[in-house]
Each structure stands twice: as structure tokens, then as C-alpha cells.
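1. Return a 3D structure for these sequence lines:
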Amino acid sequence: MSTQLDTLKNALQLVLGEKIHSITDELGEITLVIKSSDYLSAMQDLRDHTSTRFEQLLDLCGVDYSGYGDGAWHGARFAVVAHLLSVTHNWRLRVRTFATDDDLPVIPSVCPIWSSANWYEREAFDLFGILFEGHDDLRRLLTDYGFIGHPFRKDFPISGYVEMRYDPEQKRVIYQPVTIEPRENVPRVIREDNYGVK
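-> So this is what the prediction gives:
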């Protein structure tokens, strides 16, 4: 197995060269880090070059690194991670790129390369607020159109900002500020002498 990973590493060095920021091999998986400025051209090369031939984009997601490693992380806050598959070579690869601006994270869209990236990028936009430059239809996918914020960001409040419920009197869905009723979090303990004895 290590021979196949070594072959893949050599192929990546051949195809991408200076575009590679780092390559790590852990637990039999290779993670490739690319600068966001080289991301689109590197992904195109990974798909088209005969030495790599990553025909399929299996997954793409956003990551918020704020607070990562108990505050030991000092790099960029937002990243996009893509998982690629080469059917030709029977290889898998994880590609990570970081957005340069933490306030407005922008990453090039890989939809022109793999059409399967469409909904993955929409999900990352919806949940993390990562903008994908060149995406034709970047709009919310999982949250409501009027939703404010991005719920997978680590600074998003756990209880949210508004709650949605159906009002039977108005016969429609209404939005209202979040109301959290205090509740007792202590478990009920049954203290009976003969509990469970028949």
C-alpha cells in the first residue's frame, strides 16, 4: 500500500510542482494543501493530467478553524476540503485550501471542473459563509431564504437568533425571537426500597 502512496506523491510533485504548499501522509491517506490562488488551476491539473486523472469529486466541505486545537491554531480561519477519486489509478486524495480573508472568505469554484461541486459549494456557503467565486447559483441550500448568519461558524450562538413555528390562529409559519424556558437539568432519581423487585 505504501508503494501506491509513494507513486501518488511522486505524481502530485510531477503534476503540481510549485503549487503544492504541503503534502502529508497520515493513516494511509494523503492530504494536499494548495494556496487559494493556485486552487482552481491545480484542481484542473489533477483532473486532466494523465499521471493523476482524478475524474470524480466525491465531497467538498467548509471548515471553521477558529478555536481549533484549544486556541493553538494561528492560521487562516476558513478552509475548503475536497475529496477526489481517480478511478483510473484507484487513488483517493484530500485537497485543502484556506481563504485568505477571515472576514470575507472567498475560494474559486470548481463547478466548471466537476459539476458535482454545485450543491457541496452551496452547502459550504450556507453553513459557513464561504463565497465561491465563479459559482453560477450560489444561494442557501439548507436554511431558510430569510435566515440570518451561518450556523456552522463557531461564533454562531448555539440557540440561534430566531425560531420558526406554525401558528394555528394565523394559519402560517411565523418567526419570533428565541425564547428559552429554564428547565431542571438534574435527573430524576427514584428512591424506593422495593423498586424493580417483583
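2. For residue 158, see how far away residue 179 is.
-> Distance of residue 179 to residue 158, computed by Cβ to Cβ, to the nearest Å: 15 Å. Using the backbone N, CA and C atoms, a C-beta is placed for each residue, glycine as well.
3. Oops, could you answer that again for residue 165 instead?
-> Taking Cβ to Cβ, one finds residue 165 at 19 Å from residue 158.
4. Got the phi and psi for residue 113?
-> phi -90, psi -50 (degrees, to the nearest 10).
5. and it, how many residues sit next to it?
-> Residues lying near residue 113 (other Cβ atoms under 10 Å) number 17.
6. again with the one 4 residues further on
-> For residue 117, the tally of surrounding residues (other Cβ under 10 Å) stands at 22.
7. so who does it touch?
-> Residue 117 is in contact with 57, 60, 82, 109-111, counting by Cβ atoms under 8 Å, 6 or more residues apart in numbering.
8. For the residues you listed, give me JSON lines that also has pLDDT, secondary structure and neighbour count.
-> Converted to JSON lines, those look like this (pLDDT from 0 to 100; DSSP: H, G, I helix; E, B strand; the rest coil; neighbours: other Cβ atoms under 10 Å):
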{"residue": "57", "pLDDT": "97", "secondary structure": "strand", "neighbour count": "22"}
{"residue": "60", "pLDDT": "97", "secondary structure": "strand", "neighbour count": "24"}
{"residue": "82", "pLDDT": "98", "secondary structure": "strand", "neighbour count": "25"}
{"residue": "109", "pLDDT": "97", "secondary structure": "coil", "neighbour count": "20"}
{"residue": "110", "pLDDT": "97", "secondary structure": "coil", "neighbour count": "27"}
{"residue": "111", "pLDDT": "96", "secondary structure": "coil", "neighbour count": "21"}
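9. Take those and write them to JSON lines, including distance to residue 18.
-> Below are these laid out as JSON lines (distance: Cβ to Cβ, whole Å):
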{"residue": "57", "distance to residue 18": "23"}
{"residue": "60", "distance to residue 18": "24"}
{"residue": "82", "distance to residue 18": "20"}
{"residue": "109", "distance to residue 18": "23"}
{"residue": "110", "distance to residue 18": "20"}
{"residue": "111", "distance to residue 18": "25"}
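10. wait, which of the residues you listed is closest to residue 128?
-> Distance to residue 128 across the contacts of residue 117 (Cβ to Cβ) is lowest for residue 60, with 11.6 Å.
11. Which helix or which strand is home to the nearest residue to that closest one once chain neighbours are set aside?
-> Nearest non-adjacent residue to residue 60, counting by Cβ to Cβ, 6 or more residues apart in numbering: residue 120, 3.8 Å away. Here residue 120 sits within helix 117-128, counting by DSSP states H and E.
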